[in-house]
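In: Sequence and computational prediction follow.
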Amino acid sequence: MQSKKNSQMIWRLLTWVIIATLLLSGCTGLQGKKQYKVGVLIGIEFTTPVAEGFKAGMAELGYVEGENIVYDVQVVGFDIPTYQNTIKKFIADKVDLIVVTPTEATIEAKTLTKGTDIPVVFSFAFTEGMGIIDSVGQPGGNITGVRFPGVDITLKRFELMRKIAPDAKRIWMPYQRGYPIVAPQLEALEPVAKAEGITLIPFPADDTAEVQAELNALSAKEDIGMDAIMALVEPLMTTSDAFETVARFAYGHGIPFGGFYNKVGEYASIFGVNVDLFASGKLAAPLADKVLKGTPAGTIPAVSPENFIQIDYKVAQEFDLTVPEGILKQANEIIR
């Protein structure tokens, strides 16, 4: 009888030992679960959907915010010192990855993370001639990402402007003075325009006030010197104040205005060619996943999003313009 009691006690003890072991191993597994820290720098406010798309893409890949991943999302205006300070903070915080947009912020991220073990994934960044990557197939260094096909987009904007406003022979193009990705766009655009007999009028400006001053001066002339306005790929025209200033002038003089689609107050552009920012951010997620799982960023090929075309049909009608059926079929979004 005593032997039976001893046997039962031994089995109970073994059962508790097994349960305790399982509980401890479960706790150890939870404690050892990696939580990734990702710094996200959004360097132009209108590109905020990049962060939203990136987080959505990561969620689809199994990253649960607050559990196995945390994000430090910093949305700032176009300002190099702010970019630098933000990236330095990410580095000091020892993030596992930096996700960054646009071009200039990407350049700063690559420069400042050199010599660290922090990889960089960019989105919505112009790579041609910027020194960001060695090549699309082999980005090199600690970086990869979603390139912004800026030259292709500019050429497409010009193509649509010519078809929507075929009578426009002089196209005025305001842009941020010194912005590095403008030169490659103009270099690609000028021979195309010349072949079609179109005069391009690039206008560099430091800020909206300079744009306003130029437009005031042109308004005082009998001939305003332009037949249409087209936005290049650059940051000045993405700001609400610059956009509204130019749009007001275009509406006041009845000249077509397009390239970058936006609507501020009562003013909107006729058309826009860009990339879908949310989709661009989402494309960065699989690249980030590979990086976090140990693949060197510089060995992961960069990817490119598709063009996203918007047509404001109502605005086109206000300018007495006919949008060709072929363009309407190409459009991803038609605003009526």
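Out: Happy to help now that I have it.

In: show me where pLDDT drops low in the chain?
Out: Low-confidence segments of the chain, defined by pLDDT under 70: 1-32.

In: what does the domain assignment say about it?
Out: 36-148+276-306, 151-275+309-335 (automatic domain parsing).

In: Which stretch among these is buried most, on average?
Out: Among the domains of the chain, domain 36-148+276-306 has the highest mean neighbour count (mean count of other Cβ atoms under 10 Å), at a mean of 20. All C-beta spots, glycine's among them, are computed from the backbone N, C-alpha and C.

In: Now do the helices in the protein.
Out: Along the chain, the stretches classed as helices by DSSP state H are 2-31, 48-60, 80-92, 103-112, 150-164, 182-195, 208-219, 240-253, 277-292, 313-318, 325-330.

In: want to throw these into CSV with distance to residue 126?
Out: Output for the helices of the chain, formatted as CSV (distance: least, Cβ to Cβ, whole Å):
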stretch, distance to residue 126
helix 2-31, 43
helix 48-60, 14
helix 80-92, 15
helix 103-112, 5
helix 150-164, 4
helix 182-195, 8
helix 208-219, 22
helix 240-253, 19
helix 277-292, 12
helix 313-318, 28
helix 325-330, 23
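
In: closest one to residue 173 among those helices?
Out: helix 182-195 (8.3 Å; Cβ to Cβ).

In: what angle sits between that closest one and helix 150-164?
Out: Helix 182-195 and helix 150-164 meet at an angle of 30 degrees, taking axes from the mean of the first three to the mean of the last three Cα atoms, to 10 degrees as the criterion.

In: Mind giving me the packing neighbours of helix 182-195?
Out: Packing partners of helix 182-195 (3 or more Cβ pairs under 8 Å, 6 or more residues apart in numbering; DSSP states H and E): helix 150-164, strand 170-176, strand 199-205.

In: now those in TSV, with distance to residue 219?
Out: Output for these, formatted as TSV (distance: least, Cβ to Cβ, whole Å):
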stretch	distance to residue 219
helix 150-164	22
strand 170-176	13
strand 199-205	14
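
In: any idea how far residue 47 is from residue 78?
Out: 10 Å (Cβ to Cβ, to the nearest Å).

In: and the gap between the residue lying closest to residue 319 once chain neighbours are set aside and residue 231?
Out: Residue nearest to residue 319 in three dimensions, not counting chain neighbours: residue 256, with 5.7 Å by Cβ to Cβ, 6 or more residues apart in numbering. As for residue 256, its distance to residue 231 is 12 Å (criterion: Cβ to Cβ).
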